[in-house]
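# Based on what follows, work out the 3D shape:
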Amino acid sequence: MRVLLSTYGSRGDVEPLVALAVQLRALGAEVRVCAPPDEAFAQRLADVGVPLVPVGPSARKLTKAAPAPSSLPQRAAALIAAQFEVITEAAEGCDAVVATGMVPAAAGALSVAEKLGIASVSVTFQQLTLPSPHRAPLAYPGRPFPPEVTDNRVLWDLDARSINALFGEALNTNRVAHGLPPVDDVRDYVVGGRPWLATDPVLDPWRETPGLDVVQTGAWILPDERPLPDELVAFLDAGTPPVYVGFGSMPMHASADVAQVAVEAVRAQGRRAVVARGWADLDLIDDQDDCFLVGEVSHRALFGKVAAVVHHGGAGTTMAAARAGAPQVVVPQATDQPYWAGRVAELGVGAAHDGPAPTFESLSAALGTALARGTRARAAVVADAIRTDGAAVAAKLLLDAISRPRTAGRGQAPLTA
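Okay, the predicted model is just below:
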């Protein structure tokens, strides 16, 4: 069997597909991944022997450029066109397409699967894109919801209108050009009736919602057996457990002096620090020996050795820290990150920072919560409850579904795992 995994987004959108690809190959499937052409993504996939089919512009360059919200429809149109061009060729001969990432990218990938008559499944790595009366949707940049509207059902209707306004014309122009009928509701087309939610049910519990048959597989995690660099190991062994500070794929535009603030707040707690460079290009603030700068390292190997993890609240980093039993301070920047910050606080495994720009005072207070003895004890309890088999579950569901006769659904041939 041959499977195409498609996404467009940051590291948090690519890494789960690496885990799924490895599990699919272990079951005998041939796998390729369509993702942004960033060198880090290509290397990550090469490390596990999976080919990258590059699509769209560099995700890192786009993120660091911080384009204006008003340019979103134009950027989405280019991305949708690229999906049709690249995935049409990459998916030839495949038995299934797994589509995730930004809505326009997923819509393009699913449309190509429909055009080719290939089975497909829509996957999300956080439930905030799934319409539910139990929570409000995320507002798109430049399109805030009216503050007087508080009914979640009305907000989800407004969300559907925003998505259609932002992406509908570009999607349908490409669909019609490729012999497909236009779609009336872009979000409903992408979500479908049976989406997969690749998150842990402890961290991200799904509540049943009429009309939406969600398959929650558990988070897709690749066991990362890479050893830590010798210099980092020596630093860890030279003193008490440090606090990790890193913001992943976030450029941290809201806080230019975030490294200074973070290191000073960590030192005020009597702790050392491990600072991750990331897409924010963080650096050490001085030459004192109580701080260590790292690039790309195994979170699995590192997080079990730190006193706390200060991060942006990406789904993958939140999950990695939770698995390690490490207390967390989440400084959310955008999209789903405030949600993950809230979940960390609700579970009692850390603190949710109020807003994207920490000060010495605000981060010190959050660290005080995270470093409390009770927080670490609670984090250990939650760690024991986290599932680690999500990618294996998803791989088996996918291949089992491919093997069964399919029924017609939203236009393409949706899987019925």
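
# counting contacts, what elements does the longest helix belonging to the chain pack onto?
For the chain, the helix that runs over the most residues, judged by DSSP state H, is helix 72-90. Using 3 or more CB pairs under 8 Å, 6 or more residues apart in numbering; DSSP states H and E as the contact criterion, the neighbours of helix 72-90 among helices and strands are strand 2-6, strand 30-35, strand 52-54, helix 103-116, helix 169-177. C-betas here are computed from N, CA, C, even on glycine.

# can you redo those as TSV with mean pLDDT?
Shown next, in TSV, are these (pLDDT from 0 to 100):
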stretch	mean pLDDT
strand 2-6	97
strand 30-35	97
strand 52-54	96
helix 103-116	97
helix 169-177	97
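
# Show me the one of those that comes nearest Ala76.
Ranking these by proximity to Ala76 (CB to CB) places helix 103-116 first, at 3.9 Å.

# quick one, that closest one and helix 72-90 angle?
Taking axes from the mean of the first three to the mean of the last three CA atoms, to 10 degrees, one finds helix 103-116 and helix 72-90 inclined to each other by 30 degrees.

# name the helices or strands packed onto helix 103-116?
Here helix 103-116 touches strand 2-6, helix 72-90, strand 96-99, strand 119-124, helix 169-177, helix 186-191, going by 3+ CB pairs under 8 Å, 6+ apart.

# Which pLDDT does the model give Thr416?
Reading off the per-residue confidence, Thr416 sits at a pLDDT of 46.

# Ser364 now?
In the predicted model, Ser364 carries a pLDDT score of 98.

# Val310 versus that one, what's the distance?
Relative to Val310, Ser364 is positioned 11 Å away (CB to CB, to the nearest Å).

# Show me which of those two is the more surrounded one.
More crowded of Ser364 and Val310, by other CB atoms under 10 Å: Val310, with 31 against 17.

# so the more buried one touches Val329, yeah?
Yes: with the criterion set as CB atoms under 8 Å, Val310 and Val329 qualify as a contacting pair; they are 4.5 Å apart.

# rewinding a little: tell me the angle of the longest helix of the chain relative to helix 169-177?
Comparing the axes of helix 72-90 and helix 169-177 via the same axes, to 10 degrees yields an angle of 30 degrees.

# and the angle for helix 72-90 with strand 2-6?
Using the same axes, to 10 degrees: helix 72-90 against strand 2-6 is 170 degrees.

# Export only the CA atoms of helix 72-90, formatted as CSV.
Listed next in CSV are the C-alpha coordinates belonging to helix 72-90 (Å, rounded to 0.1, in the frame of the first residue of the first chain):
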residue,chain,number,x,y,z
LEU,A,72,-4.0,35.9,4.0
PRO,A,73,-6.4,35.3,1.1
GLN,A,74,-3.6,35.9,-1.4
ARG,A,75,-1.2,33.6,0.4
ALA,A,76,-3.9,30.9,0.8
ALA,A,77,-4.6,31.1,-2.9
ALA,A,78,-1.0,30.5,-3.8
LEU,A,79,-0.8,27.6,-1.3
ILE,A,80,-4.0,26.0,-2.7
ALA,A,81,-2.6,26.2,-6.2
ALA,A,82,0.6,24.6,-5.1
GLN,A,83,-1.3,21.8,-3.5
PHE,A,84,-3.1,21.0,-6.7
GLU,A,85,0.2,21.2,-8.7
VAL,A,86,2.4,19.1,-6.3
ILE,A,87,0.0,16.7,-4.7
THR,A,88,-1.6,15.7,-8.0
GLU,A,89,1.7,14.2,-9.1
ALA,A,90,2.8,13.0,-5.6
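
# This protein - how does it break down into domains?
Domains of the chain are assigned by automatic domain parsing as 2-222+388-414, 230-385.

# which stretches of the protein have low pLDDT?
253-256, 405-417 (pLDDT under 70).

# can you rerun that using 50?
Low-confidence segments of the chain, defined by pLDDT under 50, span residues 408-413, 416-417.

# Strands of that one, residue ranges please.
2-6, 30-35, 52-54, 96-99, 119-124, 196-197, 215-216, 243-245, 273-276, 291-294, 308-311, 328-330, 350-352, 413-414 (DSSP state E).

# other SSEs contacting the third one?
It stands for strand 52-54. Counting contacts by 3+ CB pairs under 8 Å, 6+ apart, strand 52-54 is packed against strand 30-35, helix 39-47, helix 72-90.

# neighbouring contacts of the last one?
Put plainly, it is helix 72-90. Contacts of helix 72-90 with the rest of the structure, by CB atoms under 8 Å, 6 or more residues apart in numbering, involve 4, 6, 8, 32, 34, 53-57, 62, 67, 97, 102, 104-105, 107-109, 111-112, 115-116, 140-142, 165-167, 169-171, 173-174, 178.

# let's go with 7 Å and repeat that
Residues outside helix 72-90 that contact it (CB atoms under 7 Å, 6 or more residues apart in numbering): 4, 6, 8, 32, 34, 53, 55-56, 67, 104-105, 107-109, 112, 141, 166-167, 170-171, 174, 178.

# angle of it against strand 30-35?
Regarding helix 72-90 and strand 30-35, their directions subtend 160 degrees when assessed with the same axes, to 10 degrees.

# Tell me the buried residues in helix 72-90?
Residues 72-73, 75-77, 79-84, 86-88, 90 are the ones in helix 72-90 that count as buried (16 or more other CB atoms under 10 Å).

# and which of those residues is nearest Thr375?
Using CB to CB, Leu72 is the member of the buried residues of helix 72-90 that lies nearest Thr375, at 38.2 Å.

# Quick check: the closest one vs Ala301, distance?
Look at Leu72 and Ala301: by CB to CB, they are 38 Å apart.

# With Asp400 instead?
Asp400 sits at a distance of 33 Å from Ala301 (criterion: CB to CB).
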